[in-house]
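**Q** sequence and predicted model, in that order:
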Amino acid sequence: MKKGIFAALILWLLLPVSAAFAKGDWPPLTPTEPFWNYQGLWWGARGTESGWAIGIAHQGKTIRATWFTYDTDGSPMWLVMPQSTRTYGWFEDVYSGPLYRTTGPAFNVEASETSQVQVGTASFRFDGGAYATFTYTVNGSTGSKVIERQVISTRVSTCEVGGQPGSAPNYTDLWGAESAWGIQVEHQGSVLSAVWFTHRPDGRGEWLVMPRAERVGGTVYSGALYRTRGPAFNKSPWNPAQVTAAQVGGATLTFLKNYDYSSESTYSEVEYATLDFTLDGVSGSKMVLREEFAWPVSVCRE
């Protein structure tokens, strides 16, 4: 008797679903818009692999990712996935694309000619907005890591594709100006974490981290720059205790706004920043803009 009641109950629950599916009212298997936003800095889940990171810029239905990791000799190395293909379903949201390594002019000169070579592929399978599985193949070596968003403050920012800004500006984004280098910024509360990916004097790519830049007034943030060394990208298990960091300078980011009058009938507001730095005893200044590669862009707020 009880089995009959239970079977009838299951049938009663499934009938509306079957009817909706037959009429074509079932929700589409592939949603047209991303439900979550993935912009910001990510690293090994639960602090298991601190010492490397992935910067993600999320715009429209695509992401641009930069992997800040280490070469086989332990030196800092960054690889970029400049474009991605999205595949998605009810329970997953996957972005994949080619990985490139670049060479270019040193950090303290104007970037003119740069070159890049594909060294592999990468994919990100996001499980909601907090965790993802990062899978890569680099120079024939394949691996997978679980990553999560970095948290540097109690006032964690949230981002939305095409969203509305909050009452205070938020600078979580990918910033750049010259070819093949940039700054990935994570902005939470009154502090920034920033990774500057550029090139050494010999042309090889390297990255410097400003793990905590404090607001020193208005829209100005300043902090120490560190160069790190660590286990190779494909080392398993990857041991964060083997990461070393040496302060090699300092940097200040000043965020500003201007207006683009390129059209006679309209104008648009342009966000940019100046990067003033001292690195290995060399001082300089560069201008960077918020990168735009798809539409709509993401807007972050607290």
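**A** Perfect, thanks for sending it.
**Q** residue contacts, residue 274?
**A** The contact partners of residue 274, by Cβ atoms under 8 Å, 6 or more residues apart in numbering, come to 253, 254, 256, 285, 286, 287, 288. C-betas here are computed from N, CA, C, even on glycine.
**Q** which strand residues bridge residue 55?
**A** In this entry, residue 55 is beta-bridged to residue 41, residue 66, by DSSP bridges.
**Q** would you agree it is in contact with residue 43?
**A** No: with contacts counted by Cβ atoms under 8 Å, residue 55 stays clear of residue 43, the gap being 10.2 Å.
**Q** who has more neighbours, those two?
**A** Between residue 55 and residue 43, counted using other Cβ atoms under 10 Å, residue 55 has the larger neighbour count: 27 against 21.
**Q** for residue 258, see how far away the more buried one is.
**A** According to Cβ to Cβ, to the nearest Å, residue 55 and residue 258 sit 25 Å apart.
**Q** what of residue 70?
**A** From residue 70 to residue 258 the distance is 38 Å (Cβ to Cβ).
**Q** got it, and residue 78?
**A** Counting by Cβ to Cβ, the gap from residue 78 to residue 258 is 29 Å.
**Q** same question, residue 41
**A** 26 Å.
**Q** ok, residue 140 next?
**A** 46 Å.
**Q** which secondary element of the chain has the worst mean pLDDT?
**A** With mean pLDDT, DSSP states H and E as the measure, the helix or strand of the chain carrying the lowest mean pLDDT is helix 2-23 (a mean of 37).
**Q** so the residue nearest to residue 277 when sequence neighbours are not counted bridges to which residues?
**A** Nearest residue to residue 277 in three dimensions, chain neighbours excluded: residue 251, at 4.4 Å (Cβ to Cβ, 6 or more residues apart in numbering). Residues in a beta bridge with residue 251, per DSSP bridges, are residue 223, residue 277.
**Q** contacts only, for residue 251.
**A** So residue 251 contacts 194, 196, 210, 213, 222, 223, 225, 275, 276, 277, 278, 279 (Cβ under 8 Å, 6+ apart).
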